[in-house]
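here is a sequence together with a model predicted from it:
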Amino acid sequence: MGNTTYLHSTDTIVALATAAGKGAISVIRLSGPQAISICNAIFSGKNLLEQPSHTIHFGTIRDGARVVDEVLVSLFVAPHSYTTENVVEISCHGSDYIVQEIIKLILQKGARLAQAGEFTKRAFLNGKFDLTQAEAVADLIAADSSKAHEVAIKQMRGGFSVEIKALRAQLIHFASLIELELDFGEEDVEFADRAALENLVHHLQNLIRNLLQSFTLGNVLKNGVATVIVGKPNAGKSTLLNVLLNEEKAIVSDTPGTTRDFIEDEISIEGILFRFIDTAGLRETQDKVEAMGVERSRQKIEEAALVIYLFDVNELTPADLATELAALNVPDKPLLAVANKVDLAADLEVAAYQAIAPVLFIAAADKIGITELKQHLLRAVNQGDLTTGANTIVTNLRHYASLEQTYQALDAVLQGLANGTTGDFLASDIRRALYALGEITGDITTDDLLENIFSKFCIGK
């Protein structure tokens, strides 16, 4: 079912649009054909049915003669609203009791509770925006850093959609020509230039390949960089974590084995979210609790996107460093070797350490080298061209999977062209590619797909 065939819902939905719990104000949202009339039935003030769209009105919500609250009511008359339906937003005082009383009155007047993401789902189904833009709404709400916000805003405003729809439009042209050939099958005619089709497929695959490659960065921007700090006991891991977070998050002690489990927190470095994990020191130990912490440290190394190996430069020789890094064995992810406590080193053999691996020298306790460390972390995750704002970044695993399916279908088209495959098989492979691209934007949808996407939204969105 595509979003152009949807008929407006006959029911009116209601939900709390702001976070649950006490606050200065809460916003209750209604959407549907009866949204304004239902609100008008419990509102004492102006007649809301006679007011223009995009206006705000002061009054009271009443249960009969009883005043529940003084409120502001915002009106958005169809089709000029988020969902394209009549929408009302009631701003009331942020008491759980008041919110529940108002929603109860609204339900009594004929509305029903909204499902998760139903407001945005209605906006999509009513043609307000496509599926990638709808998903970007959830990403925008969840954005914890400036770069995640930047990507979500671009996608919500249709940046990614434009690129996907352009790819699909180019392919539809050739698909229609090949389908036309099938109508004249007995006459052995070719309307679609095979050489031009091959060039187009190569061009599309190149664009899709770039989008697929951007997913690594996109995933980082959306979910943050899981960065684990590992090393021997007393290397200064907890001190480094505290300095990076600018707070006393981890216990600092001269006693080896103080950190028995991992400690996790996050900060934004130039718009990129890093989730730092301070782990138990890596060493052989007879202490069962500490041993469990060491084992968890190794698990966190496996799960991390980036590893900082911190060592005390006064305790570890260059030869020891080579042994430690080899034992760490993380060839599939960025590893940053950091030498700590350089302020206490009498004769620092910088060249000898650098001969083993690129090493950054810091003194965490005195905050020496921390700025340089942050810059190294940014380079390690490879921001690419994101800062220019010029490239489309794929951040959604569903989009990535559909792009991969598109790429594979286009591969089948190329193989068919090389083998002189008949038009019906070419048409089938092109349709597969078009279907996969259509699933991204919502030109092709199923109920299960929509349920899976919108069930992850918050109720009031």
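Structure's in. What do you need?

sec struct for Glu135, please.
Here Glu135 is recorded as helix under DSSP: H, G, I helix; E, B strand; the rest coil.

what does Arg62 give?
Strictly by three-state DSSP, Arg62 counts as strand.

burial of it, as a residue count?
The number of residues packed near Arg62 is 15, by other CB atoms under 10 Å. Every C-beta, even on glycine, is put in place using the N, C-alpha and C of the backbone.

ok, now Val77?
Val77 has 17 nearby residues by other CB under 10 Å.

what's the spacing between it and Leu273?
Val77 sits at a distance of 40 Å from Leu273 (criterion: CB to CB, to the nearest Å).

name the helix or strand for Arg431, please.
Using DSSP states H and E, the secondary-structure element containing Arg431 is helix 423-441.

could you give the mean pLDDT of the helix or strand following that helix?
Once the chain leaves helix 423-441, the next helix or strand it forms, by DSSP H and E, is helix 447-454. What helix 447-454 shows for mean pLDDT is 84.

between helix 423-441 and helix 447-454, find me the angle.
Comparing the axes of helix 447-454 and helix 423-441 via axes from the mean of the first three to the mean of the last three CA atoms, to 10 degrees yields an angle of 30 degrees.

list the buried ones in helix 447-454?
Across helix 447-454, burial judged by 16 or more other CB atoms under 10 Å covers Leu450, Ile453, Phe454.

same list (those) but as a markdown table, adding distance to Val307.
A markdown table is the format used below for the buried residues of helix 447-454 (distance: CB to CB, whole Å):
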| residue | distance to Val307 |
| --- | --- |
| Leu450 | 39 |
| Ile453 | 34 |
| Phe454 | 37 |
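
closest to Phe361 out of the residues you listed?
Ile453 (47.8 Å; CB to CB).

contacting residues around the closest residue to that closest one other than its chain neighbours?
What sits nearest to Ile453 in space, not counting adjacent residues and going by CB to CB, 6 or more residues apart in numbering, is Glu135, at 6.3 Å. The contact partners of Glu135, by CB atoms under 8 Å, 6 or more residues apart in numbering, come to Gln155, Asn396, Arg398, Ile453.

most neighbours among these, which one is it?
Gln155 (26 neighbours).

from Val394, how far out is that one?
From Gln155 over to Val394 the distance is 9 Å, taken as CB to CB.

could you find the closest non-adjacent residue to Ala41?
Lys109 (5.2 Å).

with Ala175 instead?
Per CB to CB, 6+ apart, closest to Ala175 is Ile430, 4.6 Å.

for the one you found, what are its contacts?
Leu171, Phe174, Ala175, Ile178, Ala409, Val413.

quick one: the fourth one and Gly423 touch, right?
It refers to Ile178. Yes - contact criterion CB atoms under 8 Å: Ile178 and Gly423 qualify, at 5.0 Å.

ok, longest helix in this structure?
helix 159-183 (DSSP state H).

got any ranges where the stretch 51-200 of the chain has weak pLDDT?
Within the stretch 51-200 of the chain, the stretches with pLDDT under 70 are 181, 183-192.

mind doing that once more with 90?
Applying pLDDT under 90 to the stretch 51-200 of the chain flags residues 127, 129-200.

for it, what spans make up the strands?
Taking DSSP state E, counting those that start in this stretch as the test, the strands found in the stretch 51-200 of the chain are 55-63, 66-76, 87-94, 112-113.

correct me, but Gly45 touches Thr60?
Yes - counting by CB under 8 Å, Gly45 touches Thr60, with 7.0 Å between them.

re earlier: most neighbours among the contacts of Ile430, which one?
Neighbour-wise, the contacts of Ile430 (other CB under 10 Å) top out at Val413, 27 neighbours.

excluding chain neighbours, what is closest to it?
Nearest to Val413 is Asp429, by CB to CB, 6+ apart, at 4.7 Å.

again with Val313
Ala339 (4.1 Å).

helices along the stretch 301-450 of the chain, start to end?
318-328, 350-356, 370-380, 397-418, 423-441, 447-454 (DSSP state H, counting those that start in this stretch).

of these, flag the one that's most buried.
helix 423-441 (a mean of 20; mean count of other CB atoms under 10 Å).

now do that helix against helix 397-418, angle only.
160 degrees.

what is the mean pLDDT for helix 423-441?
Mean predicted lDDT for helix 423-441 stands at 89.

got the angle between it and helix 159-183?
160 degrees.

ok now helix 423-441, how far from the chain's centre?
Computed by CA atoms, centre = their mean, to the nearest Å, the chain-centroid distance of helix 423-441 equals 27 Å.

same thing with stretch 353-361?
35 Å.

show me this protein divided up by domain.
13-128, 137-214+393-441, 227-382 (automatic domain parsing).

so can I have JSON lines of those domains showing distance to Leu221?
Below are the domains of the chain laid out as JSON lines (distance: least, CB to CB, whole Å):
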{"stretch": "domain 13-128", "distance to Leu221": "21"}
{"stretch": "domain 137-214+393-441", "distance to Leu221": "5"}
{"stretch": "domain 227-382", "distance to Leu221": "7"}
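
and these: which comes nearest Lys461?
domain 13-128 (5.6 Å).
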